[in-house]
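J.: model this:
(chains A and B)
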Amino acid sequence: MPGTDYELAEDERQSLDTFNSERNRSRSVLFNSTYESGYGNITGLRMSYKDAMDNRNLSLYPFPDKDYDHFQETEEYSILPNYVSALANDVWYTNSHNKHGQSLFMKNLTGSFRGKFKTSALNFSKIPMPVPEYLSPYVYENPFDRSRNNYEDDEDENSNFANAQNGAEEANSVADGTGFSEDSASDSFYDNGSRYNTLSDNRAYVSQRIGNVSNIEVGDFYIEVTTQRNGEDNLTNSNIFPVIINMQLTDTDQTEVHPISMSGMYFLDNGNIFATTRSAKFESYYALPHLLLNENNFEAVKSYMVEKFQYHESLESSSVHKNLTFDVLREDARETLKCEFVSYLNFNPVNLTKEELEMIDDEILDPIGRPTAEIPKFVINQGLFYSPDCGILFEINNLEGRSHYSQISRIRKVVIGVMILVSLQLYLLIRQMNLTNTPPRISRISYHTLSIMNLIDGTLTMILLISTVIVFDLYISLAIAALITFTLSSIFELRYMVGIYMLQMNEQNVDLWTILRGNPTDDSSNNESSSNNGDVLPTSTGGFQTQAGNLNTNTTTTTNFEDERTVSSNLYSRFFFSLIFCSFLVVNVSTWGRAPRFFTEKLILVFINSYWYPQIVRNVIRGSRTSFSWEFIIGTSIVRLLPIYYVLGYSNNVFHHHTDYNFLIGLTIFKLISIAALYIQEKFGPRVLIPKRYLPNIYNYHPTLSLADLENGFGIDLLNSKHKTVVSSNGDHTHKEIFKMDCAICMTDVDIPVTTKNEGFTDGHDSVAEDDRLLNGTDTKLVVADDFMITPCHHIFHNDCLENWMRYKLKCPVCRNPLPPI
Amino acid sequence: MLVGISKGLKHMPVTKSFLIMNMLIPVIASLLDIKYAFYLKFDPFIYQWHQYWRLLTNQISFSSESQVFFSTIILFNLRTIERLQSPNKFASFLISIFLYNIVLQLITNTFLKVLLPDNWNFLQSLNYASGPLPVIGALLYEYSAFIPVVYKFELTDIIPGGGNGEDNEVPQKTIFSDKIFTYILCLQLSLSEGMDSFVPMFNGWVLGFLVSGQIIPGKNWRLPYFTQVRKYLYKNTRIVRPNLAPTNNSQNATGQPENSRQATPESDTEPVRPLATQFLDSFRR
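T.: Model (predicted):
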């Protein structure tokens, strides 16, 4: 077959041939039809509504007692019940005029509309529309589907069994390839309209079918209308446009979704649209002129269609069924699972003059910046949808919509807004990164804060990339937005995260309590001897041993040190996996029913707005007042809240998301609390909110210690070191000595002044001081560190030297033990 | 192949920002989908719809990628002009060409419409190609007039079968300079949209000739506050003075309508005036 790029099985080829000849036959029926002759012998239109009411047997068509030469728009001849055709006439022919006294309509009605539909409570007879036997094997994708559908859909046990059997039989016959005997098929098929047992029977599972909305009283209605005119400008009738309608019916809970697509005609002179579904059981396209309620419409549309067919045939020199491939057949067969619909829509005329309207139409077609009026709002005045085979009637009223053109420009604005916000975030981040370029500053920043932000941005990248395919008109804008977001998330943020991760790696193997002490190597005895002012670096064995223990844990961490490449590759793979997971989650959630979706949405929103909380915890752990700059905190909060405000707070947003002000206020408060906490931490200290007794002290680099400590813990031979004695002038008991040591950084002397005081200087009676006193007689010699710093690992440096050093590394220059930051 | 005085764009702030804008504006325009704002056709935009702003926007941005690409290369090659003059003079020249071209466009359009025979449709309703084509045309004139040739090369027998095939015939030599490459690029740019792009670029060439030849005023006009703004923007950059030839008489330094380029040390009387000035001076005096 021309146009088919794969080999067909023998039975498939036969079916396709039948399909093609059937189409050609239907077409000739259309070509030869007159208004009086009625629909003719076209699949799905052989029985009128009256025939269905009388329970006539379809296999006996044409019914001998019926007159087929005097078609009228009554239920005797038409598939529409009298009630429906009267309604349709109302919809179409109660036109209003615009203020200029004319009925003018846009040529290009491409747009989307949202509203409610109301299902009629009336019960209509269902016109039987069996699938032609030669097509029934292709209705389901595979035999399993078919039987599953039967089991699920049928409530009646017997018919269920019968169907299952039938399905099995058919599956066999398909497998045989030749199992189609015409006789048996026609026997089971055309036997009796009320006893269809095959798959093709509509009634067995009619309530479960797509399009069957009889159990939804009022539901949400979404419709996309596309008027098109490709290469048919030279046809005589310039007031008829082909139109494609895609609609989606959902119940208010959004648990059921019925997508239906139709095609039809748009009449420019009165703003009416007729559209109908089309499938293998309802070849309505070939009877379209007859479904247009009156003879005038019939004549106009029939001549238009004939001309169009001939035009297309003249274009395609080859055979008429060039376009009919097996895919068309399969598609046609699958469509039979849905309810068939015919629809009558009427648009409101626009309030513009003819010239203005023409200009707008031209501008939409070819935008060059004409001084046009604003594109008028599209309003579907009334609409009626009737399903002959499911017996459903529903109506829509006053549906406001937007043209595709203005919708796209609205989405473009949103995309550009996203671009601006993301660029702003990028700018803020780069400034923040420049501010925190030193290890001590980076180590204050919470890794999790950034990872939440990174997750949001990464997911945004994926969503933008996916939408480039969906909103194809905005391909460039979306792609550039995705590029910027990608730069932000996976280049800058991730680089920053790698840096933070590297610096905080030494905390990995240490328990939380030790981290809470400000630093793993922080002096542990501070905690035991809190009566000791917490400032005295203990000398004796107990304190030092704990210290040694801590040193051990640290050395183990340092041995596990990973290099930057491993870390970044780990983080990148983690990032991309979570990215894929998140994108799937987002896409999946968007298809859920109303209640669970809203709940999950709120959960996600709360999570993605909680990014300052890890930083608060980090501040507490680290004991640091400042982390991010305030510019970054405020800027980021605003940048990341604005889109949520748009979606949840602006009722006219492009996502058609509902507004939820209470949640929005709650979310804002949630975020403000975290910012306030950060502010309090900066103002009053990071641990001010937590009771003191739960916390250890932060290490003090300028401890007061006795001379004995200096000898025990530091291994300095005091007698051999150079020192001079200064006898202080004030007080009789005070006496000062200055020892000198080398600072390992600048290799010059550090002055260590040692003050000797008489006993009784401390009011506390701690054992350590007691011991010292015993050792050194009645005097206690004290070292007060002012202009030098003592590390937890008992090394002494100048203030300036060590502080400078710590801007680059948080490790002791002598023994490489981690240092608590200042 | 293409020779410049320096490799980068150091000390050429005007060319630099011009290049950036030349690439950035089309991107932003296509993002916002407002490319049509650069279209200009007198009928209907000006005559029917009175969209006079199009006269200004028309010269701002190119509408196709290839034009942006070629114009970027050309402008980069023409950056020597900014070194020869000064950023201030260069910017002033660009602006004056931009403004003059608006007037010239109106004149050209009227001229083409009124004077040409009716069947010359392709010239009568020009769909002026958008982009700074006139400015590039004017710069091209300055380039050809003032920028010295760096090297020359000759090609023999570029026209195959030009000679009559005899052995003793001297091979035909054609001498090219290094400027030919820039000219080829300009030719490509000017013909990218046929007459629609050729006319604006030719207009620019004419304007470049008129302004730098001082036939119409504008050569000595400077953008006000240019230096102040530049000082403010580039606090750390040194402003480079143009490398002027030494002038003998103090008259030139005070900004007399003389071309200092022509002021050679040998001529101790009046420096040689350009031909056009001589021509015009005969009417002035």
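J.: count of residues packed around residue A:600?
T.: 16 (other CB atoms under 10 Å in any protein chain shown). C-beta: built from backbone N, CA, C; applies to glycine.
J.: closest residue of chain B to chain A?
T.: residue B:36 (4.4 Å; CB to the nearest CB).
J.: wasn't that residue part of a helix?
T.: Yes - Residue B:36: assigned to a helix according to DSSP: H, G, I helix; E, B strand; the rest coil.
J.: so it touches residue A:363, yeah?
T.: No - in this structure residue B:36 lies outside contact range of residue A:363 using CB atoms under 8 Å: 9.4 Å.
J.: in terms of helices and strands, where is residue A:116?
T.: Taking DSSP states H and E as the definition, residue A:116 sits inside strand A:111-119.
J.: which strands or helices does that strand pack on?
T.: strand A:218-227, strand A:378-387, strand A:392-403, helix A:404-435 (3 or more CB pairs under 8 Å, 6 or more residues apart in numbering or on different chains; DSSP states H and E).
J.: let's see it at 7 Å
T.: In terms of contacts (3 or more CB pairs under 7 Å, 6 or more residues apart in numbering or on different chains; DSSP states H and E), strand A:111-119 is packed against strand A:218-227, strand A:378-387, strand A:392-403.
J.: residues of the first one that come out buried?
T.: Spelled out, that is strand A:218-227. Across strand A:218-227, burial judged by 16 or more other CB atoms under 10 Å in any protein chain shown covers A:219-227.
J.: after that strand, next one along is what?
T.: strand A:240-251.
J.: residues in contact with whatever helix or strand comes next after that following strand?
T.: Scanning forward in sequence from strand A:240-251 by DSSP H and E, the next helix or strand is strand A:257-267. Strand A:257-267 is contacted from outside by A:109, A:210-211, A:213, A:227, A:239-250, A:273-278, A:301, A:338, A:341, A:343, using CB atoms under 7 Å, 6 or more residues apart in numbering or on different chains.
J.: please repeat the previous calculation with a cut-off of 8 Å.
T.: For strand A:257-267, the external contacting residues (CB atoms under 8 Å, 6 or more residues apart in numbering or on different chains) are A:109, A:210-213, A:227, A:239-250, A:272-278, A:285, A:288, A:292, A:297, A:301, A:304, A:338-339, A:341, A:343.
J.: which ChimeraX command selects the buried ones in those residues?
T.: One line in ChimeraX is enough to select the buried members of these, burial here meaning 16+ other CB under 10 Å:
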select /A:109,211,212,213,227,240,241,242,243,245,247,248,249,250,272,273,274,275,276,277,278,285,288,292,297,301,304,338,339,341,343
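J.: run through the residues of the stretch 401-550 of chain A sitting next to chain B.
T.: A:409, A:412, A:416, A:419, A:476-477, A:480 (CB under 8 Å from any CB of the partner chain).
J.: ok, chain A next?
T.: Counting by CB under 8 Å from any CB, the positions of chain A adjacent to chain B are A:367-371, A:409, A:412, A:416, A:419, A:476-477, A:480.
J.: what sits closest to residue A:107 if chain neighbours are left out?
T.: Leaving out its chain neighbours, the residue that sits closest to residue A:107 by CB to CB, 6 or more residues apart in numbering or on different chains is residue A:361, at 4.4 Å.
J.: next, the buried residues of the stretch of helix or strand the one you found belongs to.
T.: Taking DSSP H and E as the criterion, residue A:361 maps to helix A:354-365. Buried positions in helix A:354-365, judged by neighbour count with 16+ other CB under 10 Å: A:356-357, A:359-360, A:363-364.
J.: likewise for stretch B:41-52?
T.: Buried residues in stretch B:41-52 (16+ other CB under 10 Å): B:41-42, B:45-46, B:51.
J.: tally of neighbours for residue A:11?
T.: 17.
J.: part of a helix, is it?
T.: Yes - Residue A:11 forms part of a helix when assessed by three-state DSSP.
J.: returning to what we had before: in a markdown table, list the helices and strands packed on strand A:111-119 along with mean pLDDT.
T.: Formatted as a markdown table, the helices and strands packed on strand A:111-119 follow (pLDDT from 0 to 100):
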| stretch | mean pLDDT |
| --- | --- |
| strand A:218-227 | 87 |
| strand A:378-387 | 90 |
| strand A:392-403 | 88 |
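J.: which one of those strands lies closest to residue A:662?
T.: Residue A:662 sits nearest to strand A:218-227 of all those, at 22.5 Å, using CB to CB.
J.: got the CA positions of that closest one in CSV?
T.: What follows is strand A:218-227 as a C-alpha-only set of coordinates in CSV (Å, rounded to 0.1, in the frame of the first residue of the first chain):
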residue,chain,number,x,y,z
VAL,A,218,-22.5,19.5,36.0
GLY,A,219,-18.9,19.2,35.1
ASP,A,220,-15.9,21.2,33.9
PHE,A,221,-15.7,21.7,30.2
TYR,A,222,-12.6,22.6,28.3
ILE,A,223,-12.7,23.1,24.5
GLU,A,224,-10.0,24.0,22.0
VAL,A,225,-11.3,25.2,18.7
THR,A,226,-8.9,25.3,15.7
THR,A,227,-10.1,26.9,12.5
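J.: what angle separates the helix holding residue A:361 from strand A:392-403?
T.: 90 degrees (axes from the mean of the first three to the mean of the last three CA atoms, to 10 degrees).
J.: contacts for helix A:354-365 next, please.
T.: For helix A:354-365, contacts defined as CB under 8 Å, 6+ apart pick out A:102, A:104, A:106-108, A:350, A:352, A:370-373, A:375-376, A:403, A:405.
J.: avg pLDDT for stretch A:474-493?
T.: Stretch A:474-493 carries an average pLDDT of 93.
J.: what comes up buried for the longest helix belonging to chain B?
T.: Secondary structure of chain B per DSSP state H: the longest helix is helix B:87-115. Of all the residues in helix B:87-115, those buried under the rule 16+ other CB under 10 Å are B:87-98, B:100-101, B:104-105, B:108-109, B:112.
J.: mind checking pLDDT for residue A:124?
T.: Here, the pLDDT recorded for residue A:124 equals 87.
J.: can you check residue B:187 too?
T.: 95.
J.: residue A:450 now?
T.: 94.
J.: distance check, it against chain B.
T.: Plainly put, residue A:450 is 29 Å away from chain B if you go by CB to the nearest CB, to the nearest Å.
J.: next: residue A:129.
T.: Separation of residue A:129 from chain B (CB to the nearest CB): 46 Å.
J.: that residue: neighbour count?
T.: 25.
J.: which residues in the stretch 51-200 of chain B form strands?
T.: Ranges of strands in the stretch 51-200 of chain B, per DSSP state E, counting those that start in this stretch, are B:127-128, B:152-156, B:173-177.
J.: related to what we said a few turns ago, please convert the buried residues of helix A:354-365 to a markdown table, extending it with pLDDT.
T.: Shown next, in a markdown table, are the buried residues of helix A:354-365 (pLDDT from 0 to 100):
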| residue | pLDDT |
| --- | --- |
| A:356 | 86 |
| A:357 | 86 |
| A:359 | 87 |
| A:360 | 87 |
| A:363 | 86 |
| A:364 | 83 |
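J.: quick one: low-confidence parts of the stretch 201-350 of chain A?
T.: Regions of the stretch 201-350 of chain A meeting the criterion pLDDT under 70 cover residues A:201-208, A:229-235, A:316-323.
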